[in-house]
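> I would like to see how this sequence folds:
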Amino acid sequence: MTTFALHLIVIAYAGVAVVSTLGYLPTIKDLALHKKMSANVASYAIWTTSTGISFSYSLFILQDTLFRIVSGLSFVNCALILLLSIGLMRRARAASPKEQALSQRSDINNKGAT
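Residues are numbered from 1 along each chain as shown. Predicted coordinates for the structure are as follows:
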């Protein structure tokens, strides 16, 4: 393969990090800003594990800086989405009894007013 073709492949692979990070941003935004559960926790647990293994492989086995950057970004994005999702799930479970109590009080007050 020519040197030019190899350089194109390197540039394209670097672009993978940018494109994949842009792809994760809407989910991160939904979870962090809008508190909207928009990620499948089981899927992101698997993806976080697999990207974590890839990132570890890049750190300890390969001596390829570009692969370290790309796999590291992917791992960080997956882990962030997983952690945000778990946090939202915990908040939703903790808030449920409170919301139920408030809802019941509201129903009692509304019935008494009619």
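> low-scoring stretches of this protein, by residue?
By pLDDT under 70, the low-scoring segments of the chain are 96-114.
> in which helix or strand would I find the residue positioned nearest the centre of the chain?
Closest to where the C-alpha atoms of the chain average out (CA atoms, centre = their mean) is Ile81, at 1.8 Å. In this structure, Ile81 is located in helix 65-113 according to DSSP states H and E.
> re the thing from before, for Leu62, see how far away the residue nearest to the centre of the chain is.
Separation of Ile81 from Leu62 (CB to CB, to the nearest Å) stands at 25 Å. (Glycine included, C-beta is placed from N, CA and C.)
> just how off-centre is stretch 34-47 within its chain?
With CA atoms, centre = their mean, to the nearest Å as the basis, stretch 34-47 stands 6 Å off its chain's centre.
> now do that stretch: distance from first to last residue.
End-to-end distance of stretch 34-47 (CA to CA, to the nearest Å): 23 Å.
> and that stretch, which residues are buried?
39, 44, 47 (16 or more other CB atoms under 10 Å).
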